[in-house]
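Chemist: predicted model and sequence below, questions to follow.
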Amino acid sequence: AQSVTQLGSHVSVSEGALVLLRCNYSSSVPPYLFWYVQYPNQGLQLLLKYTSAATLVKGINGFEAEFKKSETSFHLTKPSAHMSDAAEYFCAVSEDTGFQKLVFGTGTRLLVSP
Amino acid sequence: DAGVIQSPRHEVTEMGQEVTLRCKPISGHDYLFWYRQTMMRGLELLIYFNNNVPIDDSGMPEDRFSAKMPNASFSTLKIQPSEPRDSAVYFCASSFLGTNQPQHFGDGTRLSIL
């Protein structure tokens, strides 16, 4: 069964610094991978998704993620953090098994200081 | 375009009362999902539907919880009787067919059982 592990429940960066949020997955078949963002009192919004077309995926708000099969990773990055990026970020995985389910990680809260 | 619409946004009720949460998925989507989010347990999938038919309800905590989807544009999640431990944020999401399709979330219902 597929699973995801997000390292670090909290990540703190300064405004303008690099953002790196880690996600490792486990899957017995080629996975589909997603990053979602959740702002306070809101639902989850899709940031980007990997569906095997390209290993480097660009998303909204300047975020991108790179799929590395050898490392079973799908880390999320942004070159320069903005105060508005403060939120909780979730990595999720699904498999092309016919079961339309996403398995979510436990989330990483990004804190951005001035 | 209208997203997933949930109502009410907030619900406060006393233990033992019946609670009904409502969801209108995005028009044309084939799948509808109900999730629960708490600090302790994170994001949990409760049940999901395909073309109005329940596919997997293994995440429903107990018989007090029930969900229906009478048509393609409406679903309910009911708790009867409610208990304080049911307090959480409940999300509805919908998606097109395909495990590479992202799920689109509503803004959730924050439920407090006193």
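Modeler: Good, I have the coordinates. Numbering: from 1, shown residues only, chains lettered A, B, ... in the order given.
Chemist: tell me the gap between the host helix or strand of B:Arg110 and the middle of its chain.
Modeler: Following DSSP states H and E, one finds B:Arg110 within strand B:109-113. Mean-position distance between strand B:109-113 and its chain equals 12 Å (C-alpha atoms, centre = their mean, to the nearest Å).
Chemist: now stretch A:63-73
Modeler: 10 Å.
Chemist: got it, and stretch A:45-64?
Modeler: With C-alpha atoms, centre = their mean, you get 9 Å for stretch A:45-64.
Chemist: start to end distance for that stretch?
Modeler: Start and end residues of stretch A:45-64 are separated by 15 Å (C-alpha to C-alpha, to the nearest Å).
Chemist: buried set for stretch A:65-79?
Modeler: Across stretch A:65-79, burial judged by 16 or more other C-beta atoms under 10 Å in any protein chain shown covers A:65, A:67, A:73-76, A:78. For glycine as for every other residue, the C-beta is placed from the backbone atoms N, C-alpha and C.
Chemist: point me to the residue of chain A nearest chain B.
Modeler: A:Gly43 (3.4 Å; C-beta to the nearest C-beta).
Chemist: next step: the buried residues of stretch A:65-79 restricted to strands.
Modeler: Those of the buried residues of stretch A:65-79 mapping onto strands are A:65, A:67, A:73-76, A:78, per DSSP state E.
Chemist: mind putting these into CSV with distance to chain B and pLDDT?
Modeler: Formatted as CSV, these follow (distance: C-beta to the nearest C-beta, whole Å; pLDDT from 0 to 100):
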residue, distance to chain B, pLDDT
A:Ala65, 14, 97
A:Phe67, 13, 93
A:Ser73, 19, 95
A:Phe74, 14, 96
A:His75, 19, 97
A:Leu76, 15, 98
A:Lys78, 19, 98
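Chemist: report the contact partners of the residue of chain A closest to chain B.
Modeler: Neighbour list for A:Gly43: B:4, B:91, B:93, B:105-108 [criterion: C-beta atoms under 8 Å, 6 or more residues apart in numbering or on different chains].
Chemist: switch to 7 Å and redo it
Modeler: B:91, B:105-108 (C-beta atoms under 7 Å, 6 or more residues apart in numbering or on different chains).
Chemist: near chain A, anything from stretch B:34-52?
Modeler: Yes - counting by C-beta under 7 Å from any C-beta of the partner chain, chain A has neighbours in stretch B:34-52: B:42-43, B:45, B:50.
Chemist: mind listing what's buried along that stretch?
Modeler: For stretch B:34-52, by 16+ other C-beta under 10 Å, it's B:34-37, B:43, B:45-49.
Chemist: same check, this time on stretch A:78-97
Modeler: Of the residues in stretch A:78-97, A:78, A:81, A:85-95 count as buried by neighbour count, 16+ other C-beta under 10 Å.
Chemist: now, which of the residues you listed lie within strands?
Modeler: Residues of those located in strands (DSSP E): A:78, A:87-95.
Chemist: ok, A:Gln45 touching A:Val37?
Modeler: Yes - if you go by C-beta atoms under 7 Å, A:Gln45 and A:Val37 touch, sitting 5.4 Å apart.
Chemist: neighbour count for those two, which is higher?
Modeler: When neighbours are counted by other C-beta atoms under 10 Å in any protein chain shown, A:Gln45 and A:Val37 differ, and A:Val37 comes out ahead with 21 against 17.
Chemist: okay, the nearest residue to B:Arg85 once chain neighbours are set aside: pLDDT?
Modeler: Of all residues beyond its chain neighbours, the one nearest B:Arg85 is B:Ile113 (7.8 Å), with distances taken as C-beta to C-beta, 6 or more residues apart in numbering or on different chains. Model confidence at B:Ile113, expressed as pLDDT, equals 97.
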